[in-house]
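[1] Sequence first, then the predicted structure:
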Amino acid sequence: MKQTVRFRVDFTTGCSIGPGKVALLEGIRDTGSLRQTARALGMSYRRAWLLLDELNHSFTAPATTATVGGAGGGGAQLTAFGETLIHAYRSLERDIESLAHVTLAPVAARAKARPGPKARRPPSEQRRRLSRAPSPGPGRTD
């Protein structure tokens, strides 16, 4: 089983970068379209736009620039700073995953796989429900 590390870097209050924003930037880099990227990531256009707007206003330089409609429609492009954000985050992610793999190997060896949502545990491994004795009603002292 492979370990997965997910992390977010908070630079200041309200200024952070994590896997969702990086995936958004990578999608824009690859497609040139916020709408296509949002669809591919399974998020609404509004949510994607809000994340991108937050990202563009969280640093002294924007991560993307936008072009307004026209014959070919509008689009979005990464800035040099946007490329720097992606590169720095992915580089740190590789370093952290490598460190986690080595450091957490003894723990990972003891990790149990969870059954899928449809799989049921055998009766011998099912959790037993604790039941409470009925409480005596008001005025009763059984």
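    Received it, and whenever you're ready, just let me know what you need.

[2] For the rest of this, base every contact and every neighbour count on C-alpha atoms.
    OK.

[3] For stretch 56-73, output the C-alpha coordinates as CSV.
    Taking Å, rounded to 0.1, in the frame of the first residue of the first chain, the C-alpha atoms of stretch 56-73 are listed here in CSV:
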residue,chain,number,x,y,z
ASN,A,56,-4.5,35.9,-7.5
HIS,A,57,-5.1,38.4,-4.6
SER,A,58,-3.1,36.5,-2.0
PHE,A,59,0.4,37.3,-3.3
THR,A,60,2.0,40.5,-4.7
ALA,A,61,1.9,39.0,-8.2
PRO,A,62,-1.0,37.1,-9.8
ALA,A,63,-0.7,33.4,-10.7
THR,A,64,-2.9,33.8,-13.8
THR,A,65,-4.1,36.4,-16.3
ALA,A,66,-7.5,36.3,-18.0
THR,A,67,-8.5,37.3,-21.5
VAL,A,68,-12.0,38.4,-22.2
GLY,A,69,-14.3,36.8,-24.8
GLY,A,70,-14.0,37.5,-28.5
ALA,A,71,-14.1,35.3,-31.6
GLY,A,72,-12.3,32.4,-29.8
GLY,A,73,-13.8,33.1,-26.4
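
[4] what about it, distance to the chain center?
    Stretch 56-73 has its average C-alpha position 23 Å from the chain's average C-alpha position, going by CA atoms, centre = their mean, to the nearest Å.

[5] repeat for stretch 25-44
    Here stretch 25-44 shows a centroid-to-chain-centroid distance of 15 Å under the convention CA atoms, centre = their mean.

[6] List the buried residues of it.
    For stretch 25-44, the neighbour count (16 or more other CA atoms under 10 Å) marks 25-29, 32-38 as buried.
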